[in-house]
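Q: need coordinates for the below:
(one chain, ligands or ions: 1)
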Amino acid sequence: MQIQTEKSVEDWYNRIGVRAPVNLESICADMNVIIHRAPVPGVALCESKIIVLDSRLNSIQSREQLAHEMAHILLHCGGQWYQNRIYIQQQEWQARNLGLILLAPIHLLREEIGPGDSIYTLLPFLAEKFQISASSLKFRLNILAGALTLAM
Ligand SMILES: [Zn+2]
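A: Residues are numbered from 1 along each chain as shown. The predicted structure follows:
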């Protein structure tokens, strides 16, 4: 599932010419997804393809929220209110995972990482390059360490 998802994002991004930092707004426009900002918790309205972002967040938090809500649109349509808790937790995990792939796909990370590079020296550089928080990036790199030949 993970490798397939990475590969799908790579193919998709290559097709539309996406480079780092990933321009999520332009991808949303391609997906015909409309973005609104309001001082409310973020939400994806799947069927109407509207994402509402919390206007109180800073730009990096807002980007991560956008990626997360895009993942919900890509993965899950329909509301969550009638679903059971375990299923919702599973969807949240999937959206977090895909959201981070959308922000920092492995094929673009690979271009920046050499054999034996240390996660600690690369973290600030990659966080800036991909416009993602250090904590989210660290979470992502921990998952990918083996595939990226990263020293932890
Ligand atoms: Zn969510």
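Q: can you list the residues of this protein near the ion?
A: Glu92, Ala95 (C-beta under 5 Å from the ion). Where you see a C-beta, it was placed from the backbone N, CA and C, and this is true even at glycine.
Q: tell me the phi and psi of the residue most central in space within the chain?
A: Nearest to the geometric centre of the chain sits Gly99, at 2.3 Å (C-alpha atoms, centre = their mean). Main-chain torsions, Gly99, degrees, to the nearest 10: phi -60, psi -40.
Q: got the contact list for it?
A: Glu64, Ala67, His68, Glu69, Met70, Ala71 (C-beta atoms under 8 Å, 6 or more residues apart in numbering).
Q: Pro105 too?
A: Neighbouring residues of Pro105 by C-beta under 8 Å, 6+ apart: Glu6, Val9, Glu10, Tyr13, Val22.
Q: please enumerate the strands of this protein.
A: 34-38, 43-45, 50-54 (DSSP state E).
Q: most packed of these?
A: Looking across these with neighbours counted as mean count of other C-beta atoms under 10 Å, the highest average goes to strand 43-45: a mean of 20.
Q: Leu53: which of the contacts of Gly99 is nearest?
A: Glu69 (7.3 Å; C-beta to C-beta).
Q: okay, now that closest one: neighbour count?
A: Glu69: 25 surrounding residues under other C-beta atoms under 10 Å.
Q: likewise the one 4 residues further on?
A: Neighbouring residues of Ile73 were enumerated by other C-beta under 10 Å; the total is 19.
Q: what sits against Phe125?
A: Taking C-beta under 8 Å, 6+ apart, we find Phe125 in contact with Glu112.
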